[in-house]
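**Student:** here's a sequence, model it:
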Amino acid sequence: MEFDLTGKDYERAYSLLASLVCPRPIAWVTSMNENSTINAAPFSFFNVVGDSPPMVMFCPGDREDGTPKDTARNIRRSGEFVVNLIDETLAESMVRTSAALPYGVSEVDAENLMTTPSRSIAVPRITAAAAALECVLHEILEIGQNRIVLGIVKRIQVKDEFVNPSSMRIKGFYPLGRMASPDWYCRTNEPFEIVRPRWNRG
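**Tutor:** Residues are numbered from 1 along each chain as shown. Down below sits the predicted model:
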């Protein structure tokens, strides 16, 4: 089968790409509303895109009426956000926060989620998350109907249980993965190792 995503199959682009390019990591993003309540929303068009400086990107789409989603609106105004990384234990809460609530209504409050103050920015993190990336906005790119948020990671918070104290490497964290549209996810608790060729970075 062949699909012409810039022609007759344009309307199928999301469902095809979201079902083929997977599993994808999930950014459960907290941001601050204008009334200082906390917005939480998940995004699976997300990844880390660099380490010097440490950068992440995610793509919050628009609402059905064409206006920016609350997360994009908040980040453009404040320049700060937290990417909360989760495993399966928070899956149901995360998915429920994808519902479109009126602006200013906190998904964190609706889900009775505890938050913890961040160390480097004003936006708090979700306490139960396995890890949290405290980010400041670098740039928002708008390409067609895509909005790409690029953030600089200022600080990382990781639960002690997921850090090997001798090597300082992450261990035992099995993040939830996003699979095919609209409702599929996957577990990542069966990793396997293939040793890669070693080379000097430079």
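
**Student:** just give me the neighbour total for Ile86.
**Tutor:** 22 (other Cβ atoms under 10 Å). Every C-beta, even on glycine, is put in place using the N, C-alpha and C of the backbone.

**Student:** how about the residue positioned nearest the centre of the chain: what's its closest non-neighbour residue?
**Tutor:** With distances taken as Cα atoms, centre = their mean, the chain has Ala27 as the residue nearest its mean C-alpha position (1.3 Å). In space, and not counting its chain neighbours, Ala27 is closest to Phe46: 3.9 Å by Cβ to Cβ, 6 or more residues apart in numbering.

**Student:** go ahead and confirm that neighbour touches Cys59.
**Tutor:** Yes - under the contact definition of Cβ atoms under 8 Å, Phe46 touches Cys59, with a separation of 7.4 Å.

**Student:** what about those two, which has more around it?
**Tutor:** Neighbours were tallied for Phe46 and for Cys59 using other Cβ under 10 Å; the higher tally belongs to Phe46 (22 against 16).

**Student:** in the protein, which spans are helices?
**Tutor:** Secondary structure of the chain, counting by DSSP state H: helices at 13-20, 70-78, 91-96, 107-110.

**Student:** and Asn200, how many neighbours?
**Tutor:** 4.

**Student:** ok, now Thr89?
**Tutor:** Taking other Cβ under 10 Å as the criterion, the count of residues near Thr89 is 12.
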